[in-house]
Structures are given as structure tokens and as C-alpha cells.
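Colleague: predicted coordinates and the sequence they were generated for:
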Amino acid sequence: MSVQVPTQSPPRLEVRNLYRQYGNRTVVDDVSLSIEPGQVTCLLGPSGCGKSTTLRMIAGVDMQDRGEIYVDGKLICDTVYRVPPERRKIGLMFQDFALFPHMSVADNVAFGLKDSAPKKRLRVEELMEKVGLSWAIDQAPHHLSGGEQQRVALARALAPRPRIMLMDEPFSGLDNRLRDDIRDETLALLKDEDTAVLLVTHEPEEALRMADEIALMRDGRIVQQGSPYNIYNAPVDREAMAFFSDINIIRGTSNGALTDTPFGQFLTPGCAEGAAVEIVIRPQHLHLDFDRAGQGPAPTAAHGQAALGIVERARFMGTESLVEFRMDYDNSKLKATVPNVFMPKPGMRFWLTLRRDRCFVFPEKAK
Ligand SMILES: Nc1ncnc2c1ncn2[C@@H]1O[C@H](COP(=O)(O)OP(=O)(O)OP(=O)(O)O)[C@@H](O)[C@H]1O
């Protein structure tokens, strides 16, 4: 009897061990990624970390020094073999998406299509309806607003049914309110077309909002890859945590498997005795209690021990308030956010506790 081995289809896009050097500087350092149809992966990282260079190599407009790129399991580029950009079935969308000004919207969208005129028209009409711009099909691009032009650019990029869409900060030229709408519509359309998407951004909110998977990049390398939830809630190191929000750092020294802090003891297994340790927590996970004649709340398992802080400054931020404290134990500063309006006066005393399940312990970085 023969046993049927289930065959798994290869990822839509797979990048294996890409390297790129400019001069003697490595700007893309061993980057590997794989993206399934209908999946959005965000390449997220600070300016200059190598995101656009990675995208350009996948698009075929730059060439890697090492590594391979596959589409649907087929090699499209290594250091010897190279499918030219126009034959990769990859759509591109960049911040400066410039439509052709001398062509109508319909001709712009049909630009990459090789079908007969009636077929082209059908595809253009279908896409214009999907982006909510059927009324603008025969207009000149300059009659449309920035957001509408962005939608036309999206329709143009999607018209040839690319199997993969590469997007480099495509929404950064739009104002905030418009950007949220266009992001959501774009996402829905890309999912509808079952396109695999690699989106480059340096904005964590954009990645959290759009990505099925985030690849966090730093100095040319992917330092962490996973779902937005995991990247946010299980950061690999302090920098990964700080990329998404403000952080507070409480420093201590490991004493075997424990580290003493003014907020109580923390388990620090694996840290050498005497090693410097950082307990890192986001401002929204600090808890405040009023001072009761010099007394704070009793220690609990969930919040540990309370430490006294003196208010230095409080600011209202819209949906929450940010309070900055000078800590009584060593004059260090800690920040706490509180929902809604909470504006204590400078000099007021509060007892601060930490949500222990939201604390991360990292070895202190060598200076
Ligand atoms: N053609 C080039 N020649 C030399 N250096 C380059 C070239 N292209 C990019 N670089 C350098 O490589 C590094 C990575 O650039 P890249 O554009 O990939 O970064 P990025 O993460 O996309 O940044 P940003 O978000 O600012 O666009 C930068 O330091 C950049 O100056």
C-alpha cells in the first residue's frame, strides 16, 4: 500500500539569506522571509536599517551579493540567474506614486495591461469600482485629490494581477485621517486579490495595524519576526520593546537567580551573580496609589512592593495622561500613563507598583 504524503504549496515569496554591501558596509545582512498569498508582512525598522534595499532586490532593481529569491517555489534571482524586473509578476507602490499626468485615470490604470481593449476596459472598471472611484474613470489625474490619486495608483499596481505587491511607505504622503481609511481599504483589496504583500514602514502603528506578520529590522538584520501581538508582547530585547512605545528601566544586580529592586525581587534565572540587569516596563503598566500618611499599599503577588515617587510633571495627551515621577529611592525618573484626565500637581507623592506580568527582564547592554 502506498502512503500519500501531503504536498504543501511553496510560499508565494521566499527570500533566503540576502546580503548587500555598499562599499565595505553591509546594509542587508542575512535577511530571510517568506510570505503566503493574501498575507501582509511588514518590514519595520528605523531609517537606514536596510528595508528599501531589501525591497529593491526583490523587485529586481538592485542586485544582492549573496542569497536567493523564489516566487511560488521558482528561483527568480540568485547571484548568477536573474529574471528581469518586468517579468517577476511583482507590483510596486511607493510614496511618490506619480500618475502619468497626460493620460486619463483609465489609461493610467490600464498602463501595464497587455489584453485587448475591451478586456482592459473591463479590468479597469472592476478595479475602479473596488477603489470606489468609478465616477473618476475618464477624468484627468490632476482633477483628483491626493487620496484619490493614491487609490488610482493602487488600482494601477493591481491591474496586471501581481502575485506579490511591494510597498515602500506608500501612505506617508497622506494626512492622518485619510491615511487610516486608505490603509484599511488597501488592505481589504489586497486580501481580496489574494496578493502577497511586503510593506516597508518605519512606523510601528502602521505595522501593528496592517501586518499579519512583522519582521523587525535593525542594522541590516531581522532581529525578530512574528505576529504583531507577539512582537509587541514578547520583545526580544530592550530596543525591540522601545521601538513600539516609551519604556521605563529599573536597574538591578543579579544575586544568583534573583534581582532585588525597590519594587521587590524579580526572578532572573540564567543571569550570572553580580550581572547588571534591566527590568523594563511600559508606562501603561505602572500602577499609582495615593500616599496615606507615608504608607503605601501592602505588597501583592501581582504588583510586588510599592516605591515612592514625587510628581515632576503631568501632561494631558488626548486619551490618556502622562505623569513623570522622580523616584524617592535613587532620584531616577519613571513615567506612568493613566487613562483620561489625571493631572496631579508637581510635588505630590504617589506609591508606584509594577504589573509584574508586564515586566521584561533583559541583561544590561554593554556600554
Ligand atoms: N545605492 C547606494 N549606495 C550607497 N549606499 C546606499 C545606497 N542605497 C542605500 N544605501 C545606504 O544603505 C543603508 C540602507 O538604506 P535603505 O534605503 O535600505 O534604508 P531604509 O531602512 O529603507 O531607510 P529609510 O526608511 O530612511 O528609507 C543606508 O545607510 C543608505 O544610506
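Modeller: Received it, and whenever you're ready, just let me know what you need. Residues are numbered from 1 along each chain as shown.
Colleague: contacts only, for V236.
Modeller: V223, Q224 (CB atoms under 8 Å, 6 or more residues apart in numbering). In this view, the C-beta of every residue, glycine as well, is placed from N, C-alpha and C.
Colleague: roughly how far is the helix or strand bottoming out on mean pLDDT in the chain from the heart of the chain?
Modeller: Taking mean pLDDT, DSSP states H and E as the measure, the chain has helix 176-192 as its least confident helix or strand, at a mean of 82. Computed by CA atoms, centre = their mean, to the nearest Å, the chain-centroid distance of helix 176-192 equals 16 Å.
Colleague: check stretch 225-241 too.
Modeller: Worked out by CA atoms, centre = their mean, stretch 225-241 lies 10 Å from the chain centre.
Colleague: again, but for stretch 256-276
Modeller: On CA atoms, centre = their mean, the centre of stretch 256-276 falls 32 Å from that of its chain.
Colleague: measure it end to end?
Modeller: 12 Å (CA to CA, to the nearest Å).
Colleague: same deal with stretch 282-300?
Modeller: 20 Å.
Colleague: ok, stretch 72-80 next?
Modeller: With CA to CA as the measure, stretch 72-80 spans 19 Å from end to end.
Colleague: that one: which residues count as buried?
Modeller: Buried residues in stretch 72-80, defined by neighbour count with 16 or more other CB atoms under 10 Å: D72, I76, C77.
Colleague: any idea how far the closest residue to E364 other than its chain neighbours is from E125?
Modeller: The shortest distance from E364 to any non-neighbouring residue, by CB to CB, 6 or more residues apart in numbering, is to A276 (3.7 Å). Distance, A276 to E125, by CB to CB, to the nearest Å: 64 Å.
Colleague: same deal with F342?
Modeller: Using CB to CB, which is the criterion applied here, F342 is 54 Å from E125.
Colleague: on the three-state scheme, the closest residue to G73 other than its chain neighbours is what?
Modeller: Of all residues not flanking G73 in the chain, P10 sits nearest, at 3.1 Å (CB to CB, 6+ apart). Under the three-state scheme (DSSP: H, G, I helix; E, B strand; the rest coil), P10 adopts coil.
Colleague: what of E86?
Modeller: Taking three-state DSSP, the label given to E86 is helix.
Colleague: what's the local residue count around it?
Modeller: Neighbourhood size, E86 [other CB atoms under 10 Å]: 9.
Colleague: and what of E203?
Modeller: Neighbourhood size, E203 [other CB under 10 Å]: 15.
Colleague: do you know the pLDDT at it?
Modeller: Looking at E203, its pLDDT stands at 93.
Colleague: and it, what does it touch?
Modeller: L44, S172.
Colleague: how about K333: which residues does it bridge to?
Modeller: R326 (DSSP bridges).
Colleague: nearest to the ligand, of the buried residues of stretch 72-80?
Modeller: Distance ranking of those against the ligand, using CB to the nearest ligand atom, places C77 first at 17.4 Å.
Colleague: dump the residue contacts of that closest one.
Modeller: By CB under 8 Å, 6+ apart, the residues touching C77 are M57, G60, M63, Q64, E68, I69, V83.
Colleague: need phi/psi at the residue nearest to R12 when sequence neighbours are not counted.
Modeller: Nearest residue to R12, sequence neighbours excluded (CB to CB, 6+ apart): A196, at 3.7 Å. Main-chain torsions, A196, degrees, to the nearest 10: phi -90, psi 130.
Colleague: show me where pLDDT drops low in the stretch 101-250 of the chain?
Modeller: The model of the stretch 101-250 of the chain has pLDDT under 70 over residues 173.
Colleague: try 80
Modeller: Where the stretch 101-250 of the chain drops to pLDDT under 80, the residues are 172-179, 181-182.
Colleague: how about the residues of it by the ligand?
Modeller: H202 (CB under 6 Å from any ligand atom).
Colleague: and the helices in the stretch 101-250 of the chain?
Modeller: All helices of the stretch 101-250 of the chain, identified by DSSP state H, counting those that start in this stretch, fall at 105-110, 117-130, 146-158, 176-192, 204-210, 228-233, 238-244.
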